[in-house]
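Engineer: Based on what follows, work out the 3D shape:
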Amino acid sequence: MKFKQLRFANRYGYKLAARIDLPDDGTPHAYAIFAHCFTCTKNLKAVAAINQTLTQDGIAVLRFDFTGLGQSEGDFADTNFTTNVSDIVDAAEFLADQYATPRMLIGHSLGGAAVLQAAVDIPSARAVVTIAAPSRPDHVLKHFSDATEEIETRGEAEVRLAGRPFRIKKQFLENLGADPMTDTIKGLNRALLVLHAPLDDIVGIGNAGEIFQTAKHPKSFVSLDSADHLLTDPDDARYAGGVMAAWCRRYIIGDR
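Structural biologist: Numbers count the residues shown, from 1 in each chain. You can find the predicted model right below:
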């Protein structure tokens, strides 16, 4: 697939590193945005495999690093779920200004919860896809539950996530618990595709059930079978991309 490396400024003035993946031939049928998982980056191999499948079906995908992660500016310790959501909205505005309005939002893990929330402020998005997403943002607290007391007492603590050190501030904890998202999912008013693996040991399959049951139609659920949370097997990632490509034609291609 063809691609371009990009940078855009979010509402706080930070330059975020981005990349747009494009079909090899012709004008894209539609544009999408991909929001990566918690503490990941846009360069996760699963994201690349999914986007390659989508571009083969004529869908261009913008992926970017959230503030303070990857090659983007900013301090991760000063970010939270709300800033992730606003980064997605700012990415949509950039995409609309430089290319076309996004018709689909895709989010992996906490990025999945974030695109559900961001859809409220991206009216052009007619379809939303979540991959291994938690039904509540505060689900990520379990990854550093042993440091919660220190964060509450000292205001911050250094925790290790995916083998790397991250500074977590108290505001991050408070922000995660601010919105259970039930009303957001009920009022989504978009086509929704929920992808989740039954054996996911990071975000349990029950989260997919809660999202699916809370959302209104049109909605679809597809099992990722034996895939792990990060879709480290390229075949699993390509399968997820193929499902998305087939599913979204009804909602984002043409005038349907």
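
Engineer: list the contacts for Pro134?
Structural biologist: Going by CB atoms under 8 Å, 6 or more residues apart in numbering, Pro134 touches Ser109, Leu110, Gly112, Ala113, Val140, Val203, Asn207. All C-beta atoms are positioned from the backbone trio N, CA, C, and that covers glycine.

Engineer: got these as JSON lines, with distance to Leu16, pLDDT and neighbour count columns?
Structural biologist: What follows is the contacts of Pro134, written out as JSON lines (distance: CB to CB, whole Å; pLDDT from 0 to 100; neighbours: other CB atoms under 10 Å):
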{"residue": "Ser109", "distance to Leu16": "19", "pLDDT": "95", "neighbour count": "26"}
{"residue": "Leu110", "distance to Leu16": "17", "pLDDT": "94", "neighbour count": "24"}
{"residue": "Gly112", "distance to Leu16": "19", "pLDDT": "97", "neighbour count": "28"}
{"residue": "Ala113", "distance to Leu16": "19", "pLDDT": "96", "neighbour count": "32"}
{"residue": "Val140", "distance to Leu16": "21", "pLDDT": "82", "neighbour count": "22"}
{"residue": "Val203", "distance to Leu16": "25", "pLDDT": "95", "neighbour count": "25"}
{"residue": "Asn207", "distance to Leu16": "27", "pLDDT": "96", "neighbour count": "22"}
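
Engineer: Just give me the residue closest to the centre of this protein.
Structural biologist: In the chain, the residue lying closest to the centroid (CA atoms, centre = their mean) is Gly107, at 2.3 Å.

Engineer: so that residue makes contact with Thr130?
Structural biologist: Yes - using CB atoms under 8 Å, Gly107 makes contact with Thr130 at a distance of 5.7 Å.

Engineer: Endpoints of stretch 214-226, how far apart?
Structural biologist: Using CA to CA, to the nearest Å, one end of stretch 214-226 lies 25 Å from the other.

Engineer: can you pull the buried residues of it?
Structural biologist: Neighbour-count burial for stretch 214-226, with 16 or more other CB atoms under 10 Å as criterion, is recorded at Thr214, Ala215, Lys219, Val222, Leu224.

Engineer: same question for that stretch, mean pLDDT?
Structural biologist: The average pLDDT for stretch 214-226 rounds to 97.

Engineer: Kindly report the same for stretch 74-81.
Structural biologist: Average pLDDT, stretch 74-81: 94.

Engineer: same thing with stretch 44-60?
Structural biologist: 97.

Engineer: can you check stretch 165-182 too?
Structural biologist: The model assigns stretch 165-182 a mean pLDDT of 84.

Engineer: List the buried residues for the helix or strand Leu192 falls within?
Structural biologist: Leu192 belongs to strand 191-196 when elements are defined using DSSP states H and E. Burial within strand 191-196, assessed by neighbour count using 16+ other CB under 10 Å, is assigned to Ala191, Leu192, Leu193, Val194, Leu195, His196.

Engineer: do stretch 121-132 as well
Structural biologist: Here stretch 121-132 shows Ile122, Ser124, Ala125, Arg126, Ala127, Val128, Val129, Thr130, Ile131, Ala132 as buried, counting by 16+ other CB under 10 Å.

Engineer: same thing with stretch 4-12?
Structural biologist: Leu6, Phe8, Asn10.

Engineer: same check, this time on stretch 225-235
Structural biologist: With burial defined by 16+ other CB under 10 Å, the residues of stretch 225-235 counted as buried are Ala227, Asp228, His229, Leu230, Leu231.

Engineer: Can you report phi and psi for the last one?
Structural biologist: Recorded main-chain torsions at Leu231 are phi 50, psi 50, according to degrees, to the nearest 10.
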